[in-house]
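Trainee: give me a model of this one.
(chains A and B)
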Amino acid sequence: MENDFALTALNMQKKQMITELVKCNETSGQYGLTLTENQIGGLVAHRFETLHNTGRVEFGGGILKQLIEKFCTSPFILQEDYEYTLSALQESFYYFKNECEDNIYDEDLIDYMRIYFDDACRGSIEKLDGATLGELLECAKKRFNH
Amino acid sequence: MEQNSDLFTIISAALSPDDAIQIQTRLWELLASRTERYTTGGSSSVRVEIAEELLKSICFSIGLCINGDVARLKTENLQEILEQSWRKIEQQIKIGKELLGQARITAPKIENISYRDTLIGMEQFFKRYDYRFFAHEIPCDIDYQLCLAVPKNLLGVEYFCEYLRRIIIENAFCNRFLPETAIKLLGKYCPDYRGLLINLYEPIATNAIGCALLGLPINSLCIPQSRQGEAAAMFENLSTSCAEKKLRDASLTVCAELNLHPEEEKYLCAMAENLAPRVIVAAGNNNLGNVFLEF
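Mentor: Next up is the predicted model:
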């Protein structure tokens, strides 16, 4: 019984996420960035895996929509590694949420990640992945003070 | 994520699989909405531990409101049931305040640090109790152990109030004896009765029952060494259920003589039954003097 319920809840979330990501293509497509059906499926699976690995629970369609909306305008994101970049951004996001103990709003954290990605990492997702929360915040502070 | 076993168990047991899944889905949606409120809309995700606590709170609150009437979950809006539960919880909090006041006024004139600190510390409950998100929690230190512990299935304000009801019953019984007599007995029971984590009611009630068994004046609370053999003989070769009955009958004698209120009577009889295994073992080992004390 509990398995049926968990499965139903999971399927609901998957459907919602797929719908949202398909819609996101309308926005990101303007910058030459789109996701195929397979890539969307991969990102959906990766989202749940990442949530599990970071010990988090998420309702609704997830954070990818906001990540896409914020990052699709970055000059450093290319179509050829778009799916990979989004996966990595998603992982980093949940990592930083744990690091800040949920004391930073999603919107603000994504802003800080975007600033760090552009200014400090110059588009290197690996560099963002290796950053500490402190480095992220320091970089954002510099940008806001500038 | 761990699901709250009580409400989900009740739902699964009482409803058809289709109905159960439908209600669980709606509970999940309610959890999503409560989580959003908890994060003030600023976070799409929370740590699993937080979500589990929020779900426990929802299940506790809804369970409190529907009071076993699971059919209500099929037809009523869960958010509305949750809000109704908050009204009930608010009433219980008010009752809790009255009970705490009563417990303090009726506290026996016997020094015990954990008893005193617990009654002082319980005031924190009202400041810290966040019933809209964590209704199942008991955010205060309750160190003093009751003679008959509150059942583990009670949570939040229900646990809080029941704990106080029991302390008030224990207080009432202890106050039926002269403080000097009770203190002498406690000193024999545990030389550091002031500092250690002991229950004040238990040795007093035990000796009262022992006095009743032997036809001794109950108010004296004292059971002379010379009568121990007679007490032990009463339990020789007795089964647990027979020993329970003997002790329960003795407790009824105490109830009648001290003119106990019904709640005190029920409490003392339950306590007497729990005493049976200890009494049987002690009688068998010829050291009933460690149960029924002389002082």
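
Trainee: how far away is B:Leu275 from B:Phe235?
Mentor: 11 Å (Cβ to Cβ, to the nearest Å). Heads up, the C-betas are built off the backbone N, CA and C, glycines and all.

Trainee: more crowded one of those two?
Mentor: Each of B:Leu275 and B:Phe235 has its neighbours counted (other Cβ atoms under 10 Å in any protein chain shown); B:Leu275 has more, 24 against 20.

Trainee: the more buried one reaches B:Lys246, doesn't it?
Mentor: No. With contact defined as Cβ atoms under 8 Å, B:Leu275 and B:Lys246 do not form a contacting pair (10.2 Å).

Trainee: can you check the pLDDT for B:Asp249?
Mentor: With respect to pLDDT, B:Asp249 scores 96.

Trainee: where does chain A have its least confident helix or strand?
Mentor: Taking mean pLDDT, DSSP states H and E as the measure, helix A:2-28 is the helix or strand of chain A with the lowest mean score, a mean of 80.

Trainee: list the helices and strands that one packs on?
Mentor: helix A:37-54, helix A:64-71, helix B:17-38 (3 or more Cβ pairs under 8 Å, 6 or more residues apart in numbering or on different chains; DSSP states H and E).

Trainee: and those helices as JSON lines, adding mean pLDDT and mean neighbour count?
Mentor: Listed next are the helices and strands packed on helix A:2-28 as JSON lines, based on pLDDT from 0 to 100; neighbours: other Cβ atoms under 10 Å in any protein chain shown:
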{"stretch": "helix A:37-54", "mean pLDDT": "94", "mean neighbour count": "16"}
{"stretch": "helix A:64-71", "mean pLDDT": "95", "mean neighbour count": "19"}
{"stretch": "helix B:17-38", "mean pLDDT": "91", "mean neighbour count": "18"}
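
Trainee: which one, of these, ends up nearest to A:Gly130?
Mentor: A:Gly130 lies closest, by Cβ to Cβ, to one member of these: helix A:37-54, at 16.2 Å.

Trainee: so is that closest one next to chain B?
Mentor: Yes. Between helix A:37-54 and chain B, judged by Cβ under 8 Å from any Cβ of the partner chain, the touching residues are A:Leu51.

Trainee: by how many degrees do that helix and helix A:64-71 diverge?
Mentor: What separates the directions of helix A:37-54 and helix A:64-71 is an angle of 110 degrees, with axes from the mean of the first three to the mean of the last three Cα atoms, to 10 degrees.

Trainee: so which bits of the stretch 51-200 of chain B are right by chain A?
Mentor: B:Ala51.

Trainee: list the contacts of the residue nearest the centre of chain B.
Mentor: Nearest to the mean C-alpha position of chain B, counting by Cα atoms, centre = their mean, stands B:Val150 at 2.0 Å. Counting by Cβ atoms under 8 Å, 6 or more residues apart in numbering or on different chains, B:Val150 touches B:159, B:162-163, B:166.

Trainee: for B:Arg47, list each beta-bridge partner.
Mentor: A:Arg56 (DSSP bridges).

Trainee: ok so, going back, pLDDT score for the residue nearest to the centre of chain B?
Mentor: At B:Val150, pLDDT is 97.

Trainee: so where does it fall, helix or strand?
Mentor: B:Val150 is part of no helix or strand, with elements assigned from DSSP states H and E.

Trainee: and the gap between it and B:Glu80?
Mentor: Distance, B:Val150 to B:Glu80, using Cβ to Cβ: 30 Å.

Trainee: count of neighbours near B:Asn237?
Mentor: 9.

Trainee: just give me the neighbour total for residue 113.
Mentor: By default, I'm working from chain A. Residue neighbour count, defined by other Cβ under 10 Å, stands at 23 for A:Met113.

Trainee: that's the wrong chain, I meant chain B
Mentor: When neighbours are defined as other Cβ under 10 Å, B:Ile113 has 15 of them.
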